[in-house]
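Enquirer: Got a predicted structure here, sequence first:
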Amino acid sequence: MWNDPIVEETRRLRDEYSAKHNYSIHEMVEDLNQWEKQGCPMPADIESNEIKPLVAASSKIKSQ
């Protein structure tokens, strides 16, 4: 079976995000609502070509 590295990374990030919120759909929805209220800041800085992990970006929003 062929493994796609992009799919594997997406699944890994999804699991990290879910674990961060105790696999609770309610906590994940609350986090996403907060992210949306902050204007949906993107995890990539287009000007500097710097890519930040999405999980870190969502953590930053909660601390603001």
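Expert: Yep, that arrived.

Enquirer: Could you report the separation of N22 from W2?
Expert: Counting by CB to CB, to the nearest Å, the gap from N22 to W2 is 33 Å. (C-beta placed from N, C-alpha, C; glycine too.)

Enquirer: okay, those two: which has more neighbours?
Expert: When neighbours are counted by other CB atoms under 10 Å, N22 comes out ahead of the other of N22 and W2, with 9 against 3.

Enquirer: Local confidence estimate at N49?
Expert: At N49, the model reports a pLDDT of 59.

Enquirer: Show me the shaky parts of this structure.
Expert: Along the chain, the parts satisfying pLDDT under 70 run over 42-64.

Enquirer: How many residues are close by H21?
Expert: Around H21 there are 16 other residues, counting by other CB under 10 Å.

Enquirer: Report the separation between C40 and N33.
Expert: 11 Å.

Enquirer: Export only the CA atoms of stretch 27-39, formatted as CSV.
Expert: Extracted C-alpha coordinates of stretch 27-39, given in CSV (Å, rounded to 0.1, in the frame of the first residue of the first chain):
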residue,chain,number,x,y,z
GLU,A,27,-13.7,22.2,22.9
MET,A,28,-12.6,22.1,19.3
VAL,A,29,-15.6,24.1,18.1
GLU,A,30,-15.0,26.6,20.9
ASP,A,31,-11.4,27.0,19.8
LEU,A,32,-12.4,27.4,16.1
ASN,A,33,-15.0,30.0,17.1
GLN,A,34,-12.3,31.9,19.0
TRP,A,35,-10.0,31.6,15.9
GLU,A,36,-12.8,33.0,13.7
LYS,A,37,-13.5,35.9,16.1
GLN,A,38,-9.8,36.8,15.8
GLY,A,39,-10.2,37.2,12.1
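
Enquirer: And that stretch, what's buried?
Expert: Taking 16 or more other CB atoms under 10 Å as the basis for neighbour counts, the residues of stretch 27-39 that come out buried are M28, D31, W35.

Enquirer: For the last one, identify the helix or strand it belongs to.
Expert: In this structure, W35 is located in helix 25-37 according to DSSP states H and E.
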